[in-house]
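Colleague: generate a structure from the sequence data that follows.
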Amino acid sequence: ESKNPDGTWKFECQHGEPECVGNILEVCIMQQLNWDVNMYLPVISCMEGADDPISSAKGCVSALSSVSYDAVKKCASGKEGNKLEHAMGAKTEALSPPHKYVPWIVINGEHTDELQNEAQTNLVALVCKLYKGKRPAECSNLEAGMQNAGDTELDWA
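Modeller: Okay, the predicted model is just below:
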């Protein structure tokens, strides 16, 4: 990214300008939904699951949140969205160790090749292994499934 004369930022994204536009829309959605992951993740998942995340944004926002798409568009097309996206970029650049590829998975402030591989192989199992609170039902279901998997006879082996 580079700073424009008016104090805003110009972003360069790995997949070009449409990715930058999508990123700004998404960070505005996150902000409009008060940074509540339970509120914004379904909207962003909807967008990312579409062939064209930008054109799907309006439908995803309308169907899956109480936020006005006009408010999201206003944020994304103005200085607020630019500032929010710059803050996200600054967080990415501040990662230690610095990210070398995407996705760069950080768990509890730490990135290792082992965590990266475990997260990409079975994220639920990794979360269950590392979670310190009361274990959610998904962890018990996962353990039961793993035990039953060992009893399965493989007819192709």
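Colleague: stretch 74-86: which residues count as buried?
Modeller: By neighbour count with 16 or more other C-beta atoms under 10 Å, stretch 74-86 contains the buried residues 75-76, 81-82, 84-86. C-betas here are computed from N, CA, C, even on glycine.
Colleague: give the rounded mean pLDDT of it.
Modeller: In this model, stretch 74-86 has a mean pLDDT of 94.
Colleague: need the residues that contact that stretch.
Modeller: If you take C-beta atoms under 8 Å, 6 or more residues apart in numbering as the criterion, stretch 74-86 is touched by 1, 8-9, 11, 20-21, 23-25, 27-28, 30-32.
Colleague: of those residues, just the buried ones, ChimeraX syntax please.
Modeller: When burial is assessed using 16+ other C-beta under 10 Å, the buried subset of the contacts of stretch 74-86 is captured in ChimeraX by this command:
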select :9,11,20,21,23,24,25,27,28,30,31,32
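Colleague: now for the contacts of stretch 74-86, which pair is the farthest apart?
Modeller: When C-beta to C-beta is used, the two most widely separated members of the contacts of stretch 74-86 are E1 and Q32, lying 22.4 Å apart.
Colleague: now pLDDT, secondary structure and distance to C46 too, for the contacts of stretch 74-86, in TSV please.
Modeller: As requested, the contacts of stretch 74-86 are arranged in TSV below (pLDDT from 0 to 100; DSSP: H, G, I helix; E, B strand; the rest coil; distance: C-beta to C-beta, whole Å):
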residue	pLDDT	secondary structure	distance to C46
E1	72	coil	27
T8	76	coil	28
W9	77	strand	27
F11	80	coil	23
C20	89	helix	19
V21	93	helix	16
N23	94	helix	16
I24	95	helix	17
L25	97	helix	12
V27	97	helix	16
C28	97	helix	15
M30	97	helix	14
Q31	97	helix	17
Q32	96	helix	15
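Colleague: relative to K91, which of the contacts of stretch 74-86 is nearest.
Modeller: Once C-beta to C-beta is applied, the member of the contacts of stretch 74-86 that ends up nearest K91 is V27, at 10.7 Å.
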